[in-house]
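[1] Build me a structure from this.
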Amino acid sequence: MFEGMMELGEEPIQISDDEFLVQSSDRGNTENVVTLEDDVLGEDGRAVLEMGGDGTIVLEVGMKFKNENEVYEFYKKYAYNVGFPVRKRNSRRGDDGVVRYITLTCCRESHRSSNTSSSLKPQPTIQTGCKARLTASSDIRGVWRICRVCLEHNHKTSLSKSRLYRCSRELSANVKRKLEVNDMARIPLHKSFNSAVVEAGGYENMTYVEKDC
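    Numbering: from 1, shown residues only. Sure thing, here's the model as predicted:
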């Protein structure tokens with residue numbers, strides 16, 4: 001895996017849903033450091049997304065959210081600004097059938113399955129057993145709070161690849177309509193995608209990859 005910053009106009013090579021290879025530049029590798037601030041709660045008791053001049057986002061135990069989706073979206077924004085992909089690990093429901101507890105993790109939290117050890121050439125994997133995660137629960141009023149956080153990763157993060165992770169990619173309704181029109185006009189998908197890249201000003205400005213089309 002290459003950790004160098006991507007050069008302008010350089011197309012990433014996808015090897016899995018959340019892993020891309022890019023050519024290393026001469027700038028060297030960069031590790032992102034996350035700095036915590038003291039207070040990010042708004043007047044209404046809900047979490048406020050705060051970013052410093054270095055793009056830092058605060059993530060702390062006790063932060064409050066209106067619902068489960070807000071917790072997930074906040075963690076995705078935090079992960080985007082650090083440079084790692086996230087996913088929903090598990091959830092628990094209360095006696096009323098409503099989700100009351102969730103765990104969100106770095107996508108590299110698992111380990112390679114032992115049954116692949118006999119393979120002559122193991123397939124590429126991004127799993128490193130990373131422990132970075134967030135757990136949150138809701139009270140009887142439906143207010144969600146972060147109850148546990150682990151910020152440490154056992155692998156390098158890559159801010160330059162954040163937009164390429166599956167949890168960050170987005171195909172807008174406008175883009176979908178344009179692709180449908182081009183398909184009706186029998187324009188090959190790769191040509192439609194290349195045209196979109198030009199309109200966006202380069203691969204680094206794309207919010208999706210060709211596989212998403």
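
[2] Domain map for this protein?
    Following automatic domain parsing, the chain resolves into domains at 13-168, 170-213.

[3] weakest of the ones you listed by average pLDDT?
    When those are ranked by mean pLDDT, domain 13-168 comes last with a mean of 70.

[4] residues touching residue 100, list them.
    For residue 100, the residues meeting the contact criterion (CB atoms under 8 Å, 6 or more residues apart in numbering) are 92, 93, 94, 137, 138. All C-beta atoms are positioned from the backbone trio N, CA, C, and that covers glycine.

[5] nearest residue to it other than its sequence neighbours?
    For residue 100, ignoring the flanking residues on the chain, the nearest one in space by CB to CB, 6 or more residues apart in numbering is residue 94 at 4.3 Å.

[6] mind listing the helices for the protein?
    Secondary structure of the chain (DSSP state H): helices at 68-82, 173-184, 189-200.

[7] out of those, which comes closest to residue 166?
    Residue 166 lies closest to helix 68-82 among those, at 10.9 Å (CB to CB).

[8] just checking, what packs against the closest one?
    strand 86-93, strand 99-106, strand 133-138, strand 144-150 (3 or more CB pairs under 8 Å, 6 or more residues apart in numbering; DSSP states H and E).

[9] any chance of these in JSON lines, with distance to residue 78 too?
    What follows is these, written out as JSON lines (distance: least, CB to CB, whole Å):
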{"stretch": "strand 86-93", "distance to residue 78": "8"}
{"stretch": "strand 99-106", "distance to residue 78": "10"}
{"stretch": "strand 133-138", "distance to residue 78": "8"}
{"stretch": "strand 144-150", "distance to residue 78": "10"}
